[in-house]
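Undergrad: Can you look at this prediction? I've put the sequence above it.
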Amino acid sequence: MSMHVETAQKTGNAKPRMLESFAPATGEKIGEVPVASRDDVKSAIARARKAQAAWGLLPVEERCARLLRFRDAIVDRAEEIIDVVSRECGKPKHDALSHEVMILTDLLTYYCKNAPKILEPRELALHLLKHKRSVIHYVPRGVVGVIGTWNFPFVIPLADVVTALVTGSAVVLKPSEVTPLSMQKAKDIFDATGLPQDLFVVVHGGGDVGQAMIEGGIQKLCFTGGVETGKKVAAACGANLVPCVMELGGKAPLIACADCDVERTARAVVFGGFVNSGQVCISVERVYAHASIHDRLVDRVGELTREIRQGDPQGGDVVDVGAIIYAKQIEVAEKHIADAVAKGAQIVAGGKRRSGPGQFFEPTVLAKCDHTMTVMKDEIFGPIVPIQKVSSEEEAVRLANDSHLGLNAYVFTKDRVRGERLASRIEAGSVIVNDVLTNYAAAEAPFGGMKQSGFGRIHGDDALRDMAEARHVFTGRLPDPKSDPLWFPYSPKAFKWQLKLLKAMYRSGGLLKKLGRLL
Ligand code: NDP
């Protein structure tokens, strides 16, 4: 991404290039950080590996106890974090508090409380090899790389960081070039807790720094970003055989059924579409409204949208929606609107960038949309909600699934059974009935995408186990004999005996069936 902070300057041999950060709500420079070189990335990974050697040996209970110090420091210094995130993203302080600090704090608390149980060695009840003891141990991977994005520059990358640290790995993290200061603040707070500083290293820079990380010997990568970058990053991971989790784009559909509560649905559309200026991977990106409630819903969404207070969150007045964090998204929004209007869409509210200092785009509602328009098919990642009228649930489900993306989806209906039935037919990693966005805050629940929205999951117990390596330790339950009937020397007798066993055991009605171990 070159950018917003393309002002990274070459200042000669002795000094590192600097990456500048600007407040999108005012355009003013708010800080700078040094850009890492390829050698810096190498050395960061080496330092992290050294710190991990001791960290990984600690019992998980001890790691969790120490990480709670980080949790406490985040809570104690919440105002500082909120201030930096709000200024660097131009987002309301309410958003920085509830969607970043609160969610991270809760996830950290959940994992620290439950990791000893979740990561406990697990003994398997073996189906066939009853004479063996099989235990799965969840062991640290080593150094985990994290590449983050700018829309939630605190919570999203740090969620990966704490997950990795709990499992005993160390982390090297590259934040987005657009929002380096938010992670710098997190790093300062981490270092002040007395936890080993090299356990969590931050390297700043662009895609080349991320690339150097993937090639630098990490044991896993957690990537959050767009689909196109994700493909390049996954290819680089493949070339280096680095396992990766891909958290990519979204195009969340919202199905408003004939029996939905129109007021709640309209409010959900407006919040889900415009919070964080629509720069949320699980934003409401398209609405399919049943014909019987369509007009009322469009009118109410329009009214509520026009009531949104937008402006500089640091400006003194309370605002609901702030700036566009990354200026390029304004052009993306304009292109979508121009394409939609040219094909017959109607602008119900908003529709244009705001003049004056800072990067602002009006929360925009489009009606009369259909799937010939890019706004219904491609990710917007900005404050636009397009609405399409549908004549049946069947049509709504078909259109919801007519997408290369599948992260979140929403269904609004007064009948929860219908909601769950529709949920089971939608191709998305999470489907939420009568609510928007909140699933990301459920520390216990897996989060991630289907189709090109990515692979792997974050949050929840399975993601914690996946962050670790599973080591299978296999021993005997009986005294070990001198040899094994399956070992050398092979003989015709042994072959016959095994064949007999296969037929006796696995035929329908065979031995295993009688023992209740086979269908
Ligand atoms: P990008 O894909 O442009 O960038 C993501 C990160 O990758 C940035 O840190 C970027 O660095 C880095 N990067 C860029 N090129 C490379 C490369 N070749 N190798 C390694 N790293 C690289 O995405 P955006 O930052 O624009 O984020 C927006 C996207 O993220 C949207 O599609 C959104 O839906 C998605 N997203 C997904 C989430 C999820 O949980 N599924 C959550 C949040 C966002 P730099 O910025 O410095 O260029």
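TA: Good, I have the coordinates.

Undergrad: Name all residues that make contact with Gly56.
TA: Each residue near Gly56 by C-beta atoms under 8 Å, 6 or more residues apart in numbering is listed here: 139-140, 142, 168-169. C-beta coordinates here come from the backbone N, C-alpha and C atoms, glycine included.

Undergrad: In TSV, list the residues you listed along with secondary structure, pLDDT and neighbour count.
TA: Shown next, in TSV, are those (DSSP: H, G, I helix; E, B strand; the rest coil; pLDDT from 0 to 100; neighbours: other C-beta atoms under 10 Å):
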residue	secondary structure	pLDDT	neighbour count
Val139	strand	98	16
Pro140	coil	98	25
Gly142	coil	98	20
Gly168	coil	98	24
Ser169	coil	99	27
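
Undergrad: how about the residues you listed in a markdown table, adding distance to the ligand?
TA: Compiled in a markdown table, the contacts of Gly56 are given as follows (distance: C-beta to the nearest ligand atom, whole Å):
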| residue | distance to the ligand |
| --- | --- |
| Val139 | 26 |
| Pro140 | 23 |
| Gly142 | 19 |
| Gly168 | 24 |
| Ser169 | 19 |
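
Undergrad: Need the contact partners of stretch 446-456.
TA: Applying C-beta under 8 Å, 6+ apart, the set of residues contacting stretch 446-456 is 227, 230, 244-250, 281, 403-407, 427-430, 439-440, 457-460, 462-463, 466.

Undergrad: one more time with 7 Å
TA: 227, 230, 245-250, 404-407, 427-430, 439-440, 457-460, 462-463, 466 (C-beta atoms under 7 Å, 6 or more residues apart in numbering).

Undergrad: try stretch 293-308
TA: With C-beta under 7 Å, 6+ apart as the test, stretch 293-308 has contacts from 256, 258, 260, 262-263, 265-267, 269-270, 274, 289, 320-321, 348-350, 363, 365, 367, 385, 387, 389.

Undergrad: Show me how far it is from its chain's centre.
TA: Chain-centre distance of stretch 293-308: 30 Å, with C-alpha atoms, centre = their mean, to the nearest Å.

Undergrad: same question, stretch 341-356
TA: Distance, centroid of stretch 341-356 to centroid of chain: 30 Å (C-alpha atoms, centre = their mean).

Undergrad: Could you list every helix and strand in contact with the helix or strand that contains Val146?
TA: Using DSSP states H and E, Val146 sits within strand 143-147. Under the contact criterion of 3 or more C-beta pairs under 7 Å, 6 or more residues apart in numbering; DSSP states H and E, strand 143-147 touches helix 38-55, helix 155-166, strand 170-174, helix 207-215, strand 220-224.

Undergrad: same thing but 10 Å
TA: helix 38-55, helix 155-166, strand 170-174, strand 200-202, helix 207-215, strand 220-224, helix 227-239, strand 244-247 (3 or more C-beta pairs under 10 Å, 6 or more residues apart in numbering; DSSP states H and E).

Undergrad: for this protein, where's the lowest mean pLDDT among helices and strands?
TA: The helix or strand of the chain with the poorest confidence is helix 511-514; it has a mean of 70 (mean pLDDT, DSSP states H and E).

Undergrad: The ligand contacts on this protein?
TA: By C-beta under 6 Å from any ligand atom, the residues of the chain that approach the ligand are 1, 147-151, 156, 174, 176-178, 206-207, 210-211, 224-226, 229, 232-233, 247-250, 281, 379, 381, 407, 449, 454.

Undergrad: Is Asp295 in a helix, a strand, or coil?
TA: When classified by DSSP: H, G, I helix; E, B strand; the rest coil, Asp295 comes out as helix.

Undergrad: I'd like the numbering to begin with 20 instead of 1 from here.
TA: With the count now opening at 20, the last piece we talked about shows up as Asp314.

Undergrad: Could you measure from it over to Lys250?
TA: Separation of Asp314 from Lys250 (C-beta to C-beta, to the nearest Å): 41 Å.

Undergrad: do the same with Phe242
TA: Taking C-beta to C-beta as the measure, Phe242 falls 11 Å from Lys250.

Undergrad: Alpha carbons only: can I get stretch 485-502 in PDB?
TA: Written as PDB, here are the backbone C-alpha positions of stretch 485-502 (Å, rounded to 0.1, in the frame of the first residue of the first chain):
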ATOM      1  CA  ASP A 485      -4.600 -24.300  16.300                       C
ATOM      2  CA  MET A 486      -2.100 -21.500  17.300                       C
ATOM      3  CA  ALA A 487      -0.100 -24.300  19.000                       C
ATOM      4  CA  GLU A 488       1.400 -27.300  17.400                       C
ATOM      5  CA  ALA A 489      -0.300 -30.600  18.200                       C
ATOM      6  CA  ARG A 490       2.300 -33.100  19.300                       C
ATOM      7  CA  HIS A 491       1.000 -36.700  19.400                       C
ATOM      8  CA  VAL A 492       2.800 -38.800  22.000                       C
ATOM      9  CA  PHE A 493       2.100 -42.500  21.500                       C
ATOM     10  CA  THR A 494       3.100 -45.100  24.000                       C
ATOM     11  CA  GLY A 495       2.000 -48.600  25.000                       C
ATOM     12  CA  ARG A 496      -0.400 -49.700  27.800                       C
ATOM     13  CA  LEU A 497       1.000 -53.200  28.100                       C
ATOM     14  CA  PRO A 498       4.600 -54.400  28.600                       C
ATOM     15  CA  ASP A 499       6.400 -54.000  25.300                       C
ATOM     16  CA  PRO A 500       7.200 -57.400  23.600                       C
ATOM     17  CA  LYS A 501      10.500 -58.100  21.900                       C
ATOM     18  CA  SER A 502       9.000 -57.800  18.500                       C
END
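
Undergrad: List the ones among the contacts of stretch 465-475 that fall in strands.
TA: Of the positions in these, 264-266, 424-425, 449 sit in strands, assigned by DSSP state E.

Undergrad: Which one (most neighbours) among these?
TA: Highest neighbour count within these: Glu266, with 27 neighbours (other C-beta atoms under 10 Å).

Undergrad: Next, count neighbours for the residue nearest to it when sequence neighbours are not counted.
TA: Leaving aside its chain neighbours, Glu266 sits nearest to Thr243 (4.3 Å; criterion: C-beta to C-beta, 6 or more residues apart in numbering). Neighbour count for Thr243, taken as other C-beta under 10 Å: 25.

Undergrad: Take the helices and strands packed on strand 162-166 and write them to JSON lines, including mean pLDDT and distance to Ala442.
TA: Formatted as JSON lines, the helices and strands packed on strand 162-166 follow (pLDDT from 0 to 100; distance: least, C-beta to C-beta, whole Å):
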{"stretch": "helix 57-74", "mean pLDDT": "98", "distance to Ala442": "40"}
{"stretch": "helix 174-185", "mean pLDDT": "98", "distance to Ala442": "24"}
{"stretch": "strand 189-193", "mean pLDDT": "99", "distance to Ala442": "34"}
{"stretch": "strand 219-221", "mean pLDDT": "98", "distance to Ala442": "37"}
{"stretch": "helix 226-234", "mean pLDDT": "98", "distance to Ala442": "35"}
{"stretch": "strand 239-243", "mean pLDDT": "98", "distance to Ala442": "25"}
{"stretch": "helix 246-258", "mean pLDDT": "98", "distance to Ala442": "24"}
{"stretch": "strand 263-266", "mean pLDDT": "98", "distance to Ala442": "21"}
